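[1] Make a model of this:
(chains A and B)
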Number of protein chains: 2
Amino acid sequence: MTAGTGANSGPELFVELDRSTRRPLRAQLEDGLREAVRSGRLAAHARLPATRALASDLGVSRRLVVDAYAQLLAEGYLVARRGAGTYVAEAAGAASVPAAEPAARSPSFDFFPGYPDLASFPRVPWLRAMREVLSVAPNLSLGYPDPRGAIELRRALAGHLRRVRGVVVDPQTIVVCSGAAQGLVLLARALQAPHIAMEDPGLPPHRAILAAHGARLSPLAVDAQGACVGELASIEARLGGVDAVFVTPAHQSPIGVALAPGRRAELLEWAGVAGGLVIEDDYDAEYRYDRAPLAALQGLAPDRVIYMGTVSKTLAPALRLGWLVLPPRLLEAVVEQKLLADHGCPTLDQLALARLLESGAYDRHLRQARRRYRARRDALLSAVERHLPDARVTGLAAGLHAIVQLASPVDGLALLRAAHRRSVGVYLLGYAYMQPRAVHEGLVLGYASLPESSIEEGISRLALALAECPPPPGCGQAARAGRTEHPAPVGRSPTNEEGAIAR
Amino acid sequence: MTAGTGANSGPELFVELDRSTRRPLRAQLEDGLREAVRSGRLAAHARLPATRALASDLGVSRRLVVDAYAQLLAEGYLVARRGAGTYVAEAAGAASVPAAEPAARSPSFDFFPGYPDLASFPRVPWLRAMREVLSVAPNLSLGYPDPRGAIELRRALAGHLRRVRGVVVDPQTIVVCSGAAQGLVLLARALQAPHIAMEDPGLPPHRAILAAHGARLSPLAVDAQGACVGELASIEARLGGVDAVFVTPAHQSPIGVALAPGRRAELLEWAGVAGGLVIEDDYDAEYRYDRAPLAALQGLAPDRVIYMGTVSKTLAPALRLGWLVLPPRLLEAVVEQKLLADHGCPTLDQLALARLLESGAYDRHLRQARRRYRARRDALLSAVERHLPDARVTGLAAGLHAIVQLASPVDGLALLRAAHRRSVGVYLLGYAYMQPRAVHEGLVLGYASLPESSIEEGISRLALALAECPPPPGCGQAARAGRTEHPAPVGRSPTNEEGAIAR
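    This is a model prediction of the structure:
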């Protein structure tokens, strides 16, 4: 599309005319146009406004604008194209703005664990939903949004979460937010500098967001049964009462275990006795492969559990849509924070998502995605078996990523560099700890966004990269103090159905 | 569209099967389905998943699911429709979720000053832009957004702002945010509890947002020349150094005057000498009717002025898109806050806006809107002349709202109630002060979203409402202490071209 194809329109242009000076308006207009070209405000090849439009904008006669254009044509600043308007001449403009920022080079085989398969985003259904929204949404829905979220979306989400995740929810207890990230902001602020026990390892950005908004964080260890809930008492004894516990019960992020039934009961008991809250991040529970899903913890204690979900793992992070399901007593404070944060999420996207949910397109997309991810998971497993026969793969029963436990520890930075040289992006489990580790045995590998052939190729390159990594300094023991144990021996317990999938 | 029309799909459903107990899986599935219906998780008329799909989800045989469905059909929980699947029976479901929240009754003649004409939102161009975006955007643009904003949008905005507003900007100094509201959040946090002198009157939500994110606010009076910049010295002497001054130079919000040239120079001089910042909220500068536009203040001192804009007054508040143009030294801190707030704005909307800007559709829309609003502004003026002959209308040279100065003060609450009874929404200038007033002479009336006939009818109703308002208690003097003067006598100064348009 080209600029200003409308007969009467053309681009807007600002030129200042000072009617209080003696300098004639035409001369002022010429000065202004020259300056606009010289400074690059009007770049080479930019189309000028139609003379009538500019005259009307500036409150001057059209003749005056025609004359000014003619002058600059004569001076070579402008060129006229027959029947197509007036343009800035090739050589006249200042150095224009750099055409593009250098794109961040991403590796060809990127096992980034945060992405679903972006190539399978349902572009056509999304556009269809948007078309329907734009054809039926009342004008008032284009005004300021409901800070809680569009009621259409909250209704659709409530139905979906009840049905699929066993969440106890009605549309009035949902707050739509800009991804789980903003959900954390709203909670940290609404709870007013809470003390939160967080699964460790966990997502560093989650910790950064909570801490930046006033939360105090204490690490809660994770083992093969999930979060070590039994440690809460000792945390409280040492560090003061805990207001909330942050967990990922369906598929621990990043270890990949499910929170064991006994731990679930224990956690809810803690919440009941201590009057504490549980923040359940259900980030990727839509994907489970080898067993029936575990219901959301929230269904067991909706007055104690804050449920958090997102489309970042089901549709695309770019949509920035997530939700909180809140105990009613927290609702008002969270909605107030949402109002103060940005007045509410963009409405059209919310209405489009509501349509996807209601039409069944969302469920269909999930079902297709699950098939695709299962195949990719299997590809990862066999590629590791083939190229890294001494490694162990765990956390594979669900989600979009797995843990690859190496046979012996490596120098993390050296590995990242060696992999990068081979255009492979890998992620270190050790970096997911509050006290990041320098020596690494565990890799977090996302497999959802890579086709099977790329997974195979990427792991074969990773094996080559590993082979050229020297053993880490002081090998054989954790290089950092603070934690004396290696990452939890995930998947070794025979009672844990998440583990032992791989060797 | 109906749910689950795909042959193989159907909705997702969560049922928990416990393989460690002795109760047969089929019985457990029947229990789960009954419970889902009774609890309302599966509402009356909801379609059940296809048997094959549910069997695959649960890891059981299809036969087992068919049998369980048959059992519940027999019990009356479910009904089968030939060739169309299995549904929850009419009477079986629990009380379902209330179908709708009662819609907030908005008045038929709502002079809300915050809205553009929502009815003229360019739905077709927006959809076209979205279609183009979805057909060409690379997959990676569906990942986590650039926290600064999509480069395509920043490039398009830089060109637009340079051209139309004289802003000194390149794509690297823009941060896209969720409306001006979030821009304020980011600034308050990046500047770390700044002391901000704010135009008073101003927008109460702006003040609430800044204060909630740590800013300390001092009122800066407004008169016919705009913000009383000369008061800054006394504010600093009394209340400590001012870090930033918040102004609306193009069209003071809500008074409607332009910041006079002398004041502009004075403000920039203060910023230069004191090392302070100016926050320029250019919220409605796209609309000016009787004179050429005033360039953005930012163009005169790009290293001292933070420029803030939004599509809320040009397209729709529901899009939640705004931008900051920042002095380079503030960029990193603001981007960090954006990352911590929500990782970035939704990408598809940003790309669609970039297309509107680049294709000329945005300029065309503005040009049409300006014509429409000029007619509505004229309608407001003549309606007030006709029905409230003793009132004075000011602030009309630009923007989407005007101030109606009543001939004598009224009890504000009584007026709001009387107007509301006649389905007229009016807004009190006195409420825009940091110390809200109880006695009111000024009304803030938005005219952009009402057709001419509604403006005429609304003002005639407003006149009737005014006629039945008793004079306020203690009439003739401001009812609150703290300010002894009436709102600034806008438009009386002969040097101010904003005023004196109306009587």
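
[2] Where do the domain boundaries of chain A fall?
    Using automatic domain parsing, the domain parsing of chain A gives A:25-96, A:120-363, A:365-494.

[3] Let me have those in CSV, adding distance to B:F121, mean neighbour count and mean pLDDT as columns.
    Using the backbone N, CA and C atoms, a C-beta is placed for each residue, glycine as well. Below are those laid out as CSV (distance: least, Cβ to Cβ, whole Å; neighbours: other Cβ atoms under 10 Å in any protein chain shown; pLDDT from 0 to 100):
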stretch, distance to B:F121, mean neighbour count, mean pLDDT
domain A:25-96, 22, 17, 78
domain A:120-363, 5, 22, 96
domain A:365-494, 28, 19, 84
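
[4] Tabulate the ones you listed (JSON lines), appending distance to B:A285.
    Listed next are these as JSON lines, based on distance: least, Cβ to Cβ, whole Å:
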{"stretch": "domain A:25-96", "distance to B:A285": "13"}
{"stretch": "domain A:120-363", "distance to B:A285": "20"}
{"stretch": "domain A:365-494", "distance to B:A285": "42"}
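
[5] would you turn those into CSV with distance to chain B?
    Putting these into CSV (distance: least, Cβ to the nearest Cβ, whole Å) gives the following:
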stretch, distance to chain B
domain A:25-96, 4
domain A:120-363, 4
domain A:365-494, 6
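
[6] and B:R288, which of those domains is closest to it?
    Among the domains of chain A, the nearest to B:R288 by Cβ to Cβ is domain A:25-96 (8.7 Å).

[7] starting at the chain centroid, how far to that closest one?
    For domain A:25-96, the distance from its own C-alpha centre to the chain's C-alpha centre is 44 Å (Cα atoms, centre = their mean, to the nearest Å).

[8] same thing with stretch A:108-119?
    With Cα atoms, centre = their mean as the basis, stretch A:108-119 stands 12 Å off its chain's centre.

[9] cool, stretch A:438-453 as well?
    Centroid separation for stretch A:438-453 versus its chain: 18 Å, with Cα atoms, centre = their mean.

[10] With stretch A:338-352 instead?
    Here stretch A:338-352 shows a centroid-to-chain-centroid distance of 16 Å under the convention Cα atoms, centre = their mean.

[11] so what's the spatially closest residue to A:A375 that is not a sequence neighbour up against?
    Nearest residue to A:A375 in three dimensions, chain neighbours excluded: A:E452, at 6.3 Å (Cβ to Cβ, 6 or more residues apart in numbering or on different chains). Residues near A:E452 by Cβ atoms under 8 Å, 6 or more residues apart in numbering or on different chains: A:375-376, A:379.

[12] Tell me the helices and strands packed up against the longest helix along chain A.
    With DSSP state H setting the assignment, residue counts place helix A:361-387 as the longest helix in chain A. Packing contacts for helix A:361-387, counted by 3 or more Cβ pairs under 8 Å, 6 or more residues apart in numbering or on different chains; DSSP states H and E, involve helix A:123-136, helix A:347-359, strand A:392-394, strand A:401-411, helix A:452-467.

[13] The next helix or strand after the first one vs helix A:361-387, what angle?
    Read that as helix A:123-136. Next along the chain after helix A:123-136, taking DSSP states H and E as the criterion, comes helix A:151-165. Going by axes from the mean of the first three to the mean of the last three Cα atoms, to 10 degrees, helix A:151-165 is angled at 50 degrees with respect to helix A:361-387.

[14] wait, what's in contact with the residue most central in space within chain A?
    With distances taken as Cα atoms, centre = their mean, A:P317 lies nearest the centre of chain A, 3.9 Å away. A:P317 makes contacts with A:114-115, A:179, B:142-145, B:343, as judged by Cβ under 8 Å, 6+ apart.

[15] The same query, at a cut-off of 7 Å, please.
    For A:P317, the contact set (Cβ atoms under 7 Å, 6 or more residues apart in numbering or on different chains) comprises B:143-144.

[16] what's the answer for A:S382, then?
    Going by Cβ under 7 Å, 6+ apart, A:S382 touches no other residue.

[17] measure it to B:R131 for me?
    40 Å (Cβ to Cβ, to the nearest Å).

[18] Show the end-to-end separation of stretch A:164-179, please.
    20 Å (Cα to Cα, to the nearest Å).

[19] can you confirm A:A43 is in a helix?
    No. Under DSSP: H, G, I helix; E, B strand; the rest coil, A:A43 falls outside any helix and is assigned coil.

[20] one step back: I'd like the distance from the residue nearest to A:A375 to A:R288, if you could.
    A:E452 sits 20 Å away from A:R288, going by Cβ to Cβ.

[21] Now A:L142. Nearest residue, chain neighbours left out?
    Spatially, and ignoring its direct neighbours in sequence, A:L142 is nearest to B:A316 (3.9 Å; Cβ to Cβ, 6+ apart).

[22] before we move on, what about A:L72?
    A:L78 is the one closest to A:L72 (Cβ to Cβ, 6+ apart), at 4.6 Å.

[23] ok, the one you found touching A:A68?
    No. Counting by Cβ atoms under 7 Å, A:L78 stays clear of A:A68, with 9.8 Å between them.

[24] who's in contact with stretch A:421-432?
    Under Cβ under 7 Å, 6+ apart, the answer for stretch A:421-432 is A:106-113, A:201-202, A:204, A:254, A:403, A:412, A:415-416, A:419, A:436-437, A:440, A:442-445, A:458, A:461-462, A:464-465, A:487.

[25] Out of the residues you listed, name the ones that lie in strands.
    Counting by DSSP state E, those place A:109-110, A:403, A:440, A:442-445 in strands.

[26] Now render those as JSON lines, adding distance to B:A398.
    Below are those laid out as JSON lines (distance: Cβ to Cβ, whole Å):
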{"residue": "A:F109", "distance to B:A398": "55"}
{"residue": "A:D110", "distance to B:A398": "50"}
{"residue": "A:I403", "distance to B:A398": "60"}
{"residue": "A:H440", "distance to B:A398": "61"}
{"residue": "A:G442", "distance to B:A398": "61"}
{"residue": "A:L443", "distance to B:A398": "59"}
{"residue": "A:V444", "distance to B:A398": "55"}
{"residue": "A:L445", "distance to B:A398": "57"}
